[in-house]
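Asker: Could you work out the structure for the sequence below:
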Amino acid sequence: MGEKWVLMKTAQTPTNIAVIKYWGKRDESLILPINDSISVTLDPSHLCTTTTVAVSPTFQQDRMWLNGKEISLSGGRYQNCLREIRRRASEFEDKDLGIKIEKKDWEKLHLHIASYNNFPTAAGLASSAAGFACLVFALAKLMNVKEDESQLSAIARQGSGSACRSLFGGFVKWIMGKEEDGSDSLAVQLVDEKHWDDLFIVIAVVSSRQKETSSTSGMRESVETSLLLQHRAKEVVPKRTLQMEEAIKNRDFAYFAQLTCADSNQFHAVCLDTSPPIFYMNDTSHRIISYVEKWNSSEGSPQVAYTFDAGPNAVLIARNRKAAAQLLQRLLFYFPPKSDIDLDSYVVGDKSILQDAGLEGMKDVEALSPPPEIKENAPAQKYPGDVSYFICTRPGKGPVLLSHENLALLDPETGLPK
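Answerer: This next block holds a predicted model:
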């Protein structure tokens, strides 16, 4: 084995948003959930993690950089993922570079990992899900691991529960499993991203600050103190999961919206039922729910579904582009940017929806008239600055390898961050 080489792989992995929520573990260390969950994968060109993993005989220890800062890999979740992947590594040979790595060598070789999120970390946008899924996917490619995505998802799950759902595109189900060792707690794809490509998603980033109660401690407290959570896991979710699978399969938006909103609201009710209570949503979150509910009922059938994870950000799923354009008009009417922010940095992601909504600049936003569902005599209040920005996106594909070297985050010569 030549002593100077660096072997690298770079992957990009999407984040996902649960429409049937995961909340509560039956095993803390293996991250085994108390119920099944279902999510939609978001288009990685708008929300994703990029990770480069490298191995070299010259590396002295395992090291990791997240968004440019070196972080410790000593945590149990990283260690679990690294151990499980190393256990499954196969031999690798590249005759051109004169590299041969036996299966047993992987245990001794050290890794360098660099990861970058193109969205705020720990602000309730599932950055840990994309992060651990990307780490496991990239390492599996580097170490020539033969397991399929579902089997890899059971490893990613040990980093962050919802990470197992980011190994596929489209709509994904995390099966809770029954086995004590967690071998059957893994993700499966229900349908790919092309199955329901009418859907359009707008995320209102209400706060990109880190949340006060982490999901990990919040879940633990709910499992210990919330009777509603026990009822939810035993009685509600098993039925609702089957209903959601049906709605997705049939592209039945009215049913999908009803289930998605109900499940989000029940999850936040569980948070309130926890002792002490957990408040993830704020006034802005509540206002968004109320505007969506008013609009949906005035139309006679749902145009938009809302769902909130462990944070105040609203994920709004519109039935089609037309509904998404109307949604954006309403959101910008109620939540215009502060005067010093331009529309271009206030609405990010797939900006083509702005044209559909007839919004080319701030003049158009200022000229928006109140939505018709508002009562004639009540003056509509506006809340400039209450939303940080909006992300426009859609259901997207699963993880991919990036073959172009200039997309790597580590230097191919030194294996250090570029």
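
Asker: Restricting to C-alpha, output stretch 231-242 in PDB.
Answerer: The C-alpha coordinates for stretch 231-242 follow below in PDB (Å, rounded to 0.1, in the frame of the first residue of the first chain):
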ATOM      1  CA  HIS A 231     -52.700   7.100  23.100                       C
ATOM      2  CA  ARG A 232     -51.200   8.600  19.900                       C
ATOM      3  CA  ALA A 233     -48.600   5.900  19.400                       C
ATOM      4  CA  LYS A 234     -51.000   3.000  20.200                       C
ATOM      5  CA  GLU A 235     -54.300   4.100  18.800                       C
ATOM      6  CA  VAL A 236     -53.900   7.000  16.400                       C
ATOM      7  CA  VAL A 237     -50.700   6.600  14.300                       C
ATOM      8  CA  PRO A 238     -51.200   3.000  13.200                       C
ATOM      9  CA  LYS A 239     -54.500   3.800  11.600                       C
ATOM     10  CA  ARG A 240     -53.300   7.200  10.300                       C
ATOM     11  CA  THR A 241     -50.200   5.800   8.700                       C
ATOM     12  CA  LEU A 242     -52.400   3.400   6.600                       C
END
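
Asker: as a whole number, average confidence for it?
Answerer: Stretch 231-242 shows an average pLDDT of 98 in the prediction.

Asker: before we move on, what about stretch 278-293?
Answerer: Averaged across stretch 278-293, the pLDDT comes to 96.

Asker: Could you give me the buried positions within that stretch?
Answerer: 278, 280-281, 284-285, 287-289, 291-292 (16 or more other CB atoms under 10 Å). C-beta coordinates here come from the backbone N, C-alpha and C atoms, glycine included.

Asker: what's the farthest-apart pair in these?
Answerer: Greatest spatial distance among the buried residues of stretch 278-293 (CB to CB): 278 and 291, at 24.0 Å.

Asker: can you give me the helices for the stretch 151-300 of the chain?
Answerer: 215-225, 227-231, 237-249, 253-273, 283-299 (DSSP state H, counting those that start in this stretch).

Asker: coming back round to it: from the buried residues of stretch 278-293, which single one is nearest residue 132?
Answerer: residue 280 (21.2 Å).

Asker: For that closest one, which residues are in contact?
Answerer: 124, 211, 213, 218, 268, 271, 308-312 (CB atoms under 8 Å, 6 or more residues apart in numbering).

Asker: at 6 Å instead, please
Answerer: Counting by CB atoms under 6 Å, 6 or more residues apart in numbering, residue 280 makes contact with 271, 310-311.

Asker: Can you add neighbour count and pLDDT and give those back as a markdown table?
Answerer: Formatted as a markdown table, these follow (neighbours: other CB atoms under 10 Å; pLDDT from 0 to 100):
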| residue | neighbour count | pLDDT |
| --- | --- | --- |
| 271 | 23 | 98 |
| 310 | 23 | 91 |
| 311 | 26 | 90 |
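
Asker: of the residues you listed, closest to residue 116?
Answerer: So of the contacts of residue 280, ranked by how close each gets to residue 116 (CB to CB), first place is residue 311, at 20.7 Å.

Asker: Is it correct that the closest one is in contact with residue 211?
Answerer: Yes - between residue 311 and residue 211 there is a contact at 5.1 Å, judged by CB atoms under 6 Å.

Asker: Using PDB, write out every CA atom in stretch 218-225.
Answerer: These are the backbone C-alpha positions of stretch 218-225, laid out as PDB (Å, rounded to 0.1, in the frame of the first residue of the first chain):
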ATOM      1  CA  GLY A 218     -38.200  17.000  24.300                       C
ATOM      2  CA  MET A 219     -39.000  13.400  23.200                       C
ATOM      3  CA  ARG A 220     -37.700  11.900  26.400                       C
ATOM      4  CA  GLU A 221     -39.800  14.200  28.500                       C
ATOM      5  CA  SER A 222     -42.900  13.500  26.400                       C
ATOM      6  CA  VAL A 223     -42.400   9.700  26.700                       C
ATOM      7  CA  GLU A 224     -42.000  10.000  30.500                       C
ATOM      8  CA  THR A 225     -44.900  12.400  31.100                       C
END
